[in-house]
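Peer 1: Have a look; sequence and predicted model below, questions after that.
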Amino acid sequence: MSEAEVEKYDFQIVRGFAFSALFWLVIGLVVGLWIAFEMFNPALNLTPWLSFGRLRVVHTNGLGLGFGLAAIFATSYYILQRLTRTPLAFPRLARAHLYLFNTTIALGALSLFAGMNTTKEYAELEWPLDIAVVIFWVMFAVNVFATLIKRREKQMYISLWYIIAMTVAIAILYIVNNLEIPVTLFKSYTVYAGANDANVEWWYGHNVVGFIFTVPILAMFYYFLPKSTGLPIYSHRLSIISFWALNFAYLWTGAHHLMLSPLPEWIQTVAIAFSIFLIAPSWGSVINGYYTLQGNWEQMRSNYLVKFFILGITFYGLQTLQGPLQGLRTLNSFFHFTDWVIGHVHMGTMGWVTMIISASFYYMIPRINNCEIYSIKLANTHFWLILVGQLVWTITMWIAGIQQGAMLKATNPDGSLMYNFLDTLTSLYPYYRLRFAAGVIYFAGIVLFTWNLIMTVRKAPLQADAQPTTL
Amino acid sequence: MGITSKPVVFAVLSAVVILIGTTVTVFIPLFMPSTQPVSAYVKPYTSVELEGRDIYMREGCNNCHTQTVRPLRTEVLRYGEYSKGEEFAYDRPFLWGSRRIGPDLNRVGGKYPDSWHYRHLQSPQGMFEKSNMPPYGWMAKNKLDTQYSYKKTSILGYGYTESDVQQQIVQCRSKVTAESYPAKESRDQVTPPELRNDLTEMDAIIAYLQKLGRDVKNLETKK
């Protein structure tokens, strides 16, 4: 490929989304720390805008839709151009996508602060913003498919499969779950009632996590791990089986969020069965990751990126074992509605998702700027801070969950309840303080991450990557 | 593998694979009456209760309070009769929640008098020193906006006429502003003088909380 062709790669859009991701990451974590403090000291509920009920959704949406999606768009646009060896089909459309995306997330945060909240978890945005989300998703999809059709590389590598699956699945999930009838510009009612609404919502809630926090993160993992180690993925066949099995099984499992609820029992039971099945394809990717490093484990020490990938995929493996077990009725009756689940979610987001995105950005940003990373030492400190922060955070919440679950179930010899609700809550305050401290450690790591990348791009102006393009 | 060189076919196949589980566990149940049964004993919300429910949603109360009692011994002991599908036929959206930072509210209707709720919402810490619930006293300083009440109930198909809705609003207002209202003292304490003859957001959310689980409790007493 000639130099001229290489230079047509659109890496500005990659950088735009990458730094949008960092921005929303910092905002989302500040809000997270704020609500973590409110959990043991309600004095921070200063105004209606800062009350826990409103802020919690700013935290989840800011990080899920803001940070998560922006990081996915950044890496997808990069991976897409590299693996197809084709410049982005519509760079100006991608630019519009970037502006619309950031406007939507900013308005989304403001509207949630203002209490415009549909209450459906991870789909809290009101209908005009839902339309904006659909529009920018279509913009993204158009670029993905147009570039794929124009591509110069015949075979599509694993990462592209995951990007395609995400593009299709999120569109279906988002539109179906957000069907609503407007009352005013700022208020609507969903078209589904009661148990049906619950079933649609958790089909969405579970799979939006799957297709935002699993599928595209696997796309990053399968691309950036071989790229940064120089080692080919261990088994192509295993990745094919894992891919299709994951896509098939994921969609059946939403009702494990509704265990022992009024939802018909058969839907719950089907969800349990498929949740257990889902361990197989998830671990397919874990095994593929570990075996890729076979014989080259010294890279854990010599290559600063490898430990992010390996710890990340390890947390993914733990996450996908813990999840299905939590779905079993017996365990669910104990753990559901407690902090255990909060710990579970955060192992995924703070461990798996952020670890992989961190390493992907560290690999990608210097390459699109044709420079070296600002500081590997800083990146290593970042790694240890987010690892320790996350471990303390999640383990604390698991213990808190076990304690609250046990206290809520404890009965006296005469069969009466041993603790009132408030006792079970206040006994958790020490854990909430520790969780806040862990959050601060984690946040310090993220600040270093952001700082490191800002300094990296300040050092070198944006240039197209002149490296020869290979898979 | 031929398919990995055909992006459009690949996308279509992905969509098909994704839609199998979706169809069986989500789309088909939408058309099965057993998923969301209806019962003549469960009545829709009045327009004031519905306004209260919208405030509950706006404040994200569902982030800390569930509204589904599971069929477990300790849970029935703590909250009351476990939740039945029929109770949620008028709930759009459902508000079952996913986390109990505070207690479940599906059986809270009638558990405490209105005066308890006025005092508790005003200052949860005044009632329970160590509670972490945010204070909501400011709700009593906001006049209830009822301009869309009729539109809301008609979108939800509750079958009220415009005058039914007006009547429900007037009825609730005369109840809470009456001299004989049992919670008058607490209500006056939290409501500024200029709003004491009007419906406030706090009146509405309390009306909603008092409705929760009420139909089931009435049914039990009839038995």
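Peer 2: Happy to help now that I have it. Numbering: from 1, shown residues only, chains lettered A, B, ... in the order given.

Peer 1: For burial, what's the neighbour tally of the nearest residue to A:L218 once chain neighbours are set aside?
Peer 2: Once flanking residues are discounted, A:L218 sits nearest to A:Y162: 5.2 Å by CB to CB, 6 or more residues apart in numbering or on different chains. All C-beta atoms are positioned from the backbone trio N, CA, C, and that covers glycine. Taking other CB atoms under 10 Å in any protein chain shown as the criterion, the count of residues near A:Y162 is 29.

Peer 1: ok, and the closest non-adjacent residue to A:F436?
Peer 2: Nearest in space to A:F436, with sequence neighbours left out and distances taken as CB to CB, 6+ apart, is A:A36 at 4.5 Å.

Peer 1: in chain B, what spans have low per-residue confidence?
Peer 2: Within chain B, the segments meeting pLDDT under 70 span B:1.

Peer 1: still on that earlier bit, these two touch, right, the residue nearest to A:F436 and A:L434?
Peer 2: No - with contacts counted by CB atoms under 8 Å, A:A36 stays clear of A:L434, the gap being 10.2 Å.

Peer 1: helix/strand/coil for the residue nearest to the spatial centre of chain B?
Peer 2: With distances taken as CA atoms, centre = their mean, the residue of chain B nearest its centroid is B:R53 (4.5 Å). Following DSSP: H, G, I helix; E, B strand; the rest coil, B:R53 is assigned to helix.

Peer 1: Chain neighbours aside, what residue packs nearest to it?
Peer 2: Leaving aside its chain neighbours, B:R53 sits nearest to B:Y208 (4.8 Å; criterion: CB to CB, 6+ apart).

Peer 1: what's the burial count for that neighbour?
Peer 2: Close neighbours of B:Y208, defined as other CB under 10 Å, add up to 24.

Peer 1: again with A:L98
Peer 2: When neighbours are counted by other CB under 10 Å, A:L98 registers 21.

Peer 1: swap in A:M364?
Peer 2: Other residues lying near A:M364 total 26 when counted by other CB under 10 Å.

Peer 1: Surely it is in contact with A:F224?
Peer 2: Yes - applying CB under 8 Å as the test, A:M364 and A:F224 come out as touching, 7.5 Å apart.

Peer 1: Which neighbours do those two have in common?
Peer 2: Common neighbours of A:M364 and A:F224, counting by CB atoms under 8 Å, 6 or more residues apart in numbering or on different chains, are A:T75.

Peer 1: May I have the residues that are in contact with the residue nearest to B:R53?
Peer 2: Per CB under 8 Å, 6+ apart, neighbours of B:Y208: B:45, B:49-53, B:55-56.

Peer 1: Now render those residues as a markdown table, adding distance to A:H382.
Peer 2: Output for the contacts of B:Y208, formatted as a markdown table (distance: CB to CB, whole Å):
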| residue | distance to A:H382 |
| --- | --- |
| B:Y45 | 51 |
| B:E49 | 51 |
| B:L50 | 49 |
| B:E51 | 48 |
| B:G52 | 47 |
| B:R53 | 45 |
| B:I55 | 42 |
| B:Y56 | 41 |
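
Peer 1: Would you map the helices across the stretch 201-350 of chain A?
Peer 2: Assigned by DSSP state H, counting those that start in this stretch, the helices in the stretch 201-350 of chain A fall at A:215-229, A:236-250, A:265-277, A:279-292, A:299-302, A:304-327, A:329-335, A:339-346.

Peer 1: Buried deepest among the ones you listed, which one?
Peer 2: Between those, helix A:215-229 has the highest mean count of neighbours, a mean of 24, where neighbours are mean count of other CB atoms under 10 Å in any protein chain shown.

Peer 1: mean confidence for that one?
Peer 2: On average, the pLDDT along helix A:215-229 is 97.

Peer 1: what's the angle from it to helix A:236-250?
Peer 2: Taking axes from the mean of the first three to the mean of the last three CA atoms, to 10 degrees, one finds helix A:215-229 and helix A:236-250 inclined to each other by 160 degrees.

Peer 1: Send me helix A:215-229 as PDB with only the CA atoms.
Peer 2: The C-alpha trace of helix A:215-229 is given here as PDB (Å, rounded to 0.1, in the frame of the first residue of the first chain):
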ATOM      1  CA  VAL A 215     -18.900  -8.100  22.900                       C
ATOM      2  CA  PRO A 216     -17.000  -5.000  21.800                       C
ATOM      3  CA  ILE A 217     -14.500  -5.400  24.700                       C
ATOM      4  CA  LEU A 218     -13.800  -8.900  23.300                       C
ATOM      5  CA  ALA A 219     -13.300  -7.200  19.900                       C
ATOM      6  CA  MET A 220     -10.600  -5.100  21.500                       C
ATOM      7  CA  PHE A 221      -9.100  -8.000  23.300                       C
ATOM      8  CA  TYR A 222      -8.900 -10.200  20.200                       C
ATOM      9  CA  TYR A 223      -7.300  -7.300  18.200                       C
ATOM     10  CA  PHE A 224      -5.100  -5.500  20.700                       C
ATOM     11  CA  LEU A 225      -3.700  -8.600  22.500                       C
ATOM     12  CA  PRO A 226      -2.100 -10.200  19.400                       C
ATOM     13  CA  LYS A 227      -1.000  -6.700  18.200                       C
ATOM     14  CA  SER A 228       0.700  -5.700  21.400                       C
ATOM     15  CA  THR A 229       2.300  -9.100  22.000                       C
END
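
Peer 1: what's the angle between that helix and helix A:304-327?
Peer 2: Using the same axes, to 10 degrees: helix A:215-229 against helix A:304-327 is 150 degrees.

Peer 1: returning to that earlier point: tabulate the helices of the stretch 201-350 of chain A (CSV), appending distance to A:G445.
Peer 2: CSV is the format used below for the helices of the stretch 201-350 of chain A (distance: least, CB to CB, whole Å):
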stretch, distance to A:G445
helix A:215-229, 18
helix A:236-250, 29
helix A:265-277, 31
helix A:279-292, 22
helix A:299-302, 19
helix A:304-327, 11
helix A:329-335, 28
helix A:339-346, 14
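
Peer 1: circling back to that earlier point, wait, what's in contact with the residue nearest to A:F436?
Peer 2: Per CB under 8 Å, 6+ apart, neighbours of A:A36: A:432, A:435-436, A:439.

Peer 1: Can you add secondary structure and give these back as CSV?
Peer 2: Compiled in CSV, those are given as follows (three-state DSSP):
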residue, secondary structure
A:Y432, helix
A:R435, helix
A:F436, helix
A:G439, helix
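
Peer 1: Of the residues you listed, which count as buried by neighbour count?
Peer 2: Burial by neighbour count, 16 or more other CB atoms under 10 Å in any protein chain shown: within those this picks out A:432, A:435-436, A:439.
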